[in-house]
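# Here is my input, please return the structure:
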Amino acid sequence: MDAIAAIFASGSPLANVVDAIDSFVWGWVMIVLLLGTHLYMTIRTKFIQRKIGTAIKLSISNTDASAEGDVSQFGALATALAATIGTGNIVGVATGLFFGGPGAIFWMWITGVFGIATKYAETYISVKYRVKDHNGEMLGGAMYALERGFKHKGLGKVLGVLFALFAFIASFGIGASVQSNALSGVITSYISPMVDSPDQMLGVSVMIGVILMILVGIVIMGGIKSITRVTTKLVPLMALLYVAGCLVIIGMNGQYVGEAIAMIVTCAFTGEAAFGGAVGSGIALALQYGFKRGLFSNESGIGSAPLVAANATTKNPARQALVSMSGTFWDTVIVCAITGIMLVSTMLANPDIQAGLLSGEISAAAQLTTAAFGKIPVLGPIVLSVGMILFSYSTMLGWAQYGNRAVAYLFGKKGIRPYQVVFLLFVFWGVIGGGELVWNISDITNALMAVPNCIAVIGLAAVISKGTQHYVYDKNLDEIDETPIPQFDTK
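Residues are numbered from 1 along each chain as shown. Modelled structure (predicted):
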């Protein structure tokens, strides 16, 4: 077991190779692709972000029984939010601040604002080009949009396979190992002071891994409806709990909130050092970590949420696209912004945290978040711990379904059960594996998914624009799309 841990440890040859690939993949080309897609679709949809009020209203409205689908509109949204409101909000924002400085938070927010249009667009084509399996269950995502929507069918098929392959691989990192690693880290931080030896600590980690495998397995083996039943209950609870904790801390730091917001905006454009150089500085770093962590948080451009949005019972593609885009609004525009203001204002209000950063006592993003919540007497650490556990657990459920859809496309229904078993093994691996390596692998697979997905969105922009004009701007959102949904053999 020690030999395995050494292979995946930070600084190992494998970790160094992964880190180099991560830096290359997440270069300026990827940032331009994502931001460019966000801006382009904002224009092609006539700034669909202004319809956020309608989107929120639709997300909580009753589903029309006359429409086709497997789960409710809110159920599909909750499952997508379960996969996005998670460690990206808690640790991800702190990571952006830690390495990119306060300015990274601003660029995270920008990815959310403009990413709303991309989330709308990718969901629109997912629902429009969805198919049914032999049991009548809906299947959708960029792979079906590429295969059915592109005029050049050969190219569409190749890109569709690549997207599904990247989603399949990504689910093991961003969906399983990253989340289980974060969840177990919270639990072991409380247990480790009571453990006498490394061998005992390893035993505790193995026990956590086994229990987590069981808890995740019970839900994901039941499919989309089982996952939706759990996420519709978990998501509102965990989001309200976490946001309430952040708002309490912001209230405690009231006199520093204005200064915190000013620092976030200023550092985004000047790149000046903050907190005595305790955190990252420079415009390039602010941009890079802002976009990286922003995408990790809301996943706009990756094409993940449309994989489950296609299961929604909806009258037409635009309705569910609006519902899905509200997820990006809540996730990044609201929750990540609140997290960022909470962290920066806490650092301004507490010189001891700044000193801890400079001395190296606080050497990781998770420790920074922990220190901030620690300012709430007694309840702060509990709220953070419960939030981390719930967020990580629900994210595993959501991403297991994403991987499920990718496997169904690549290997047919016969591949789903083996995939679920492997997914659970990666959940276990995350508990005993290294954190930094897991984050970097997730960054790489995020980027690889984004390439064919953005090609699909841009390539079908005319279809999205025409449909958006008809359904949204010409006020036909209650119209039922009568286009036949074909069957896709998944046996």
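
# Do I have it right that residue 307 meets residue 401?
Yes. Between residue 307 and residue 401 there is a contact at 7.2 Å, judged by Cβ atoms under 8 Å. The C-beta positions use only the backbone N, C-alpha and C, and glycine is treated the same way.

# Could you check which of those two has the larger neighbour count?
residue 307 (35 against 27; other Cβ atoms under 10 Å).

# tell me the phi and psi of residue 71?
phi -130, psi 170 (degrees, to the nearest 10).

# could you dump stretch 330-346 to PDB, C-alpha only?
The C-alpha coordinates for stretch 330-346 follow below in PDB (Å, rounded to 0.1, in the frame of the first residue of the first chain):
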ATOM      1  CA  TRP A 330     -26.600  29.900  -8.600                       C
ATOM      2  CA  ASP A 331     -23.400  28.000  -8.600                       C
ATOM      3  CA  THR A 332     -20.900  30.700  -9.800                       C
ATOM      4  CA  VAL A 333     -22.600  34.000  -9.900                       C
ATOM      5  CA  ILE A 334     -24.000  33.600  -6.400                       C
ATOM      6  CA  VAL A 335     -22.400  30.900  -4.400                       C
ATOM      7  CA  CYS A 336     -18.800  31.300  -5.600                       C
ATOM      8  CA  ALA A 337     -19.100  35.100  -5.300                       C
ATOM      9  CA  ILE A 338     -20.300  34.800  -1.700                       C
ATOM     10  CA  THR A 339     -17.400  32.300  -1.000                       C
ATOM     11  CA  GLY A 340     -14.800  34.700  -2.500                       C
ATOM     12  CA  ILE A 341     -16.000  37.700  -0.600                       C
ATOM     13  CA  MET A 342     -16.200  35.700   2.600                       C
ATOM     14  CA  LEU A 343     -12.600  34.500   2.200                       C
ATOM     15  CA  VAL A 344     -11.000  37.900   1.300                       C
ATOM     16  CA  SER A 345     -13.000  39.800   4.000                       C
ATOM     17  CA  THR A 346     -11.900  37.200   6.500                       C
END
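
# Which positions within it qualify as buried?
Of the residues in stretch 330-346, those buried by neighbour count under the rule 16 or more other Cβ atoms under 10 Å are 330-333, 335-346.

# Test my guess that residue 398 contacts residue 80.
Yes. If you go by Cβ under 8 Å, residue 398 and residue 80 touch, sitting 6.5 Å apart.

# so how far is stretch 480-491 off the chain centroid?
Averaged C-alpha coordinates place stretch 480-491 at 28 Å from its chain's average position (Cα atoms, centre = their mean, to the nearest Å).

# what's next to it, contact-wise?
Stretch 480-491 is contacted from outside by 66-68, 128, 130-134, 138-139, 144, 315-317, 408, 412-414, using Cβ atoms under 8 Å, 6 or more residues apart in numbering.

# at 10 Å what do you get?
Outside stretch 480-491, the residues that touch it by Cβ atoms under 10 Å, 6 or more residues apart in numbering are 64, 66-68, 127-140, 144, 147-148, 314-319, 407-409, 411-416, 467, 471.

# Among those residues, which are located in strands?
131-132, 138-139 (DSSP state E).

# count of neighbours near residue 391?
28.

# spatially speaking, which residue is in the middle of this protein?
residue 84 (3.2 Å; Cα atoms, centre = their mean).

# give me every residue that touches that residue.
With contacts defined as Cβ under 10 Å, 6+ apart, residue 84 is in contact with 119, 235, 296-300, 302, 304-305, 327-328, 330-332, 335, 391, 394-395, 398-399.

# Name the residues of the longest helix seen in the chain that come out as buried.
The residue-count maximum for a helix in the chain (DSSP state H) belongs to helix 379-411. Neighbour counts over helix 379-411 (16+ other Cβ under 10 Å) mark 380-381, 383-410 as buried.

# cool, stretch 34-53 as well?
34-35, 37-38, 40-42, 44-45, 48-49, 51-52.

# which of the residues you listed lies closest to residue 421?
For the buried residues of stretch 34-53, the minimum distance to residue 421 (Cβ to Cβ) is 33.1 Å, reached by residue 34.

# Excluding chain neighbours, what is closest to the closest one?
residue 301 (4.8 Å; Cβ to Cβ, 6 or more residues apart in numbering).

# Surely the one you found is within a strand?
No. Looking at residue 301 with DSSP: H, G, I helix; E, B strand; the rest coil, it is coil, so not inside a strand.

# Now do the phi/psi pair for it.
phi 100, psi -20.

# Could you tell me how many residues sit around it?
Residue 301: 31 neighbours (other Cβ under 10 Å).

# State the distance from it to residue 447.
Per Cβ to Cβ, to the nearest Å, residue 301 is found 10 Å from residue 447.

# can you list residues touching both of the two?
30, 33-34, 295.

# Tell me which entries of those residues lie within helices.
30, 33-34, 295.

# What is the nearest of those to residue 432?
residue 295 (27.4 Å).

# Settle this for me: that closest one is touching residue 37, isn't it.
No. Applying Cβ atoms under 10 Å, one finds residue 295 not in contact with residue 37, separated by 11.1 Å.

# what sits in contact with each of these two?
Common neighbours of residue 295 and residue 37, counting by Cβ under 10 Å, 6+ apart, are 115, 301, 450.

# Most widely separated two among the shared contacts of residue 301 and residue 447?
Maximum distance among these (Cβ to Cβ): 10.9 Å, for 33 and 295.

# So for these two, which residue has more residues nearby?
Each of residue 33 and residue 295 has its neighbours counted (other Cβ under 10 Å); residue 295 has more, 28 against 17.

# re earlier: between residue 307 and residue 401, which contacts overlap?
With contacts taken as Cβ under 10 Å, 6+ apart, the residues that reach both residue 307 and residue 401 are 79-80, 83, 171.

# which residue sits closest to residue 380 in space, ignoring its chain neighbours?
residue 373 (4.1 Å).

# Now for residue 396: which residues touch it?
Per Cβ under 10 Å, 6+ apart, neighbours of residue 396: 82-83, 86, 171, 174-180, 183, 212, 215-216, 219-220, 423-424, 426-427, 430.

# Make a PyMOL selection of whichever of these turn out to be buried.
Under the burial definition 16+ other Cβ under 10 Å, those of the contacts of residue 396 that qualify are selected in PyMOL by:
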select buried, resi 82+83+86+171+174+175+176+177+178+179+180+183+212+216+219+220+423+424+426+427+430
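
# so of the contacts of residue 396, which ones are in helices?
Using DSSP H to define helices, the subset of these located there is 82-83, 178-180, 183, 212, 215-216, 219-220, 423-424, 426-427, 430.

# Quick one: residues contacting residue 449.
Contacts of residue 449 (Cβ under 10 Å, 6+ apart): 142, 162-170, 174, 299, 301-304, 402, 406.

# mean confidence for the helix or strand where it lies?
In the assignment (DSSP states H and E), residue 449 maps to helix 435-459. On average, the pLDDT along helix 435-459 is 82.

# Off-centre distance for it?
That offset, for helix 435-459, works out to 11 Å (Cα atoms, centre = their mean).

# Output the shared contacts of residue 295 and residue 37 in a markdown table; the columns should cover distance to residue 246.
Output for these, formatted as a markdown table (distance: Cβ to Cβ, whole Å):
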| residue | distance to residue 246 |
| --- | --- |
| 115 | 21 |
| 301 | 26 |
| 450 | 28 |
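
# What is the nearest of those residues to residue 18?
For the shared contacts of residue 295 and residue 37, the residue nearest residue 18 by Cβ to Cβ is residue 450; the value is 18.0 Å.

# distance of that closest one from residue 31?
In this view, residue 450 and residue 31 are 11 Å apart by Cβ to Cβ.

# now swap in residue 73 and tell me
32 Å.
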